[in-house]
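In: Pasting a predicted model and its sequence here:
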Amino acid sequence: MPLWLLAGISVAGLFVIGHDAAHDALFDSKRLDAVVARLSMLPSLHAVEVWVFGHNRVHHGHTLKQGIDFVWHPLTVEQYRELGRFAKLRPELEWGPFGAGAYYLREVWWNKMVRFTPPTRWAKQMRRDQAIVAVYALGALALLVALDGTGGIWQWVKVVVVPFLLFCQTIGWVVHVHHIAPDIRWWPRREWNRFRGQVEGTTILWGPPGWDSLFH
């Protein structure tokens, strides 16, 4: 079980590499960036072209713009008060210290990566990358079942599913502290501009010694 934690951190570390490659910022060659991005994002079950659309184009292009940027989009006090008793439980969980992974799994991975309907312009590339991820995940299951029978299902849970869930918790924490602070404001569309979204909305994080090396 201690190795599960290491595996989850390793998946998160690979995702950092994939994130930079998906930005075309890791190598001089865009082709090499594309290959590395797809390989390093496989353990986190992310389809690269879907990620590029949601992260590079939407999130970075419209950071903190109400109604468009979807990463940790807050509720107003009035919106929260209008929720029912049970509906309030979800934001209370997901915005707490141990709910970040659940938020990322539901709002980012499931809603924006799996159930996402691709725009026509990029549909072919997105469907291709979704298929690559599906072949990786289901192919690993088929291989482990072929090697170990029904025991292969438990092996698959240990080597694919559990590290993925731990990765979701890790990236949920990281994304939360990047975008949530009392002085970060979400702007209505007419008031938003790139300076407000990308400069005023940038946080500076200080971590303990060795934290940067752990993730990078």
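Out: Right, received. Where do you want to start?
In: Can you name every helix or strand that the lengthiest helix in the chain contacts?
Out: With secondary structure taken from DSSP state H, the chain has its longest helix at helix 123-148. Judged by 3 or more C-beta pairs under 8 Å, 6 or more residues apart in numbering; DSSP states H and E, helix 123-148 is in contact with helix 48-51, helix 151-156. Quick note: C-beta positions are derived from backbone N, CA and C, even for glycine.
In: What residues of it count as buried?
Out: By neighbour count on 16 or more other C-beta atoms under 10 Å, the buried set for helix 123-148 is 125, 126, 129, 130, 132, 133, 136, 137, 140, 141, 144.
In: can you put those in TSV and add pLDDT and distance to residue 86?
Out: Shown next, in TSV, are those (pLDDT from 0 to 100; distance: C-beta to C-beta, whole Å):
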residue	pLDDT	distance to residue 86
125	94	39
126	95	34
129	96	36
130	96	33
132	96	38
133	97	33
136	97	37
137	96	32
140	96	37
141	96	35
144	95	38
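In: for the residues you listed, which one is nearest residue 183?
Out: Nearest to residue 183 among these: residue 126, at 35.6 Å, using C-beta to C-beta.
In: ok, and the nearest residue to that closest one once chain neighbours are set aside, which helix or strand is that part of?
Out: In this structure, residue 126 finds its nearest non-sequential neighbour in residue 118, 4.1 Å apart by C-beta to C-beta, 6 or more residues apart in numbering. Under the assignment given by DSSP states H and E, residue 118 is not contained in any helix or strand.
In: you'd agree residue 118 is up against residue 127?
Out: Yes - using C-beta atoms under 8 Å, residue 118 is in contact with residue 127, at 6.6 Å.
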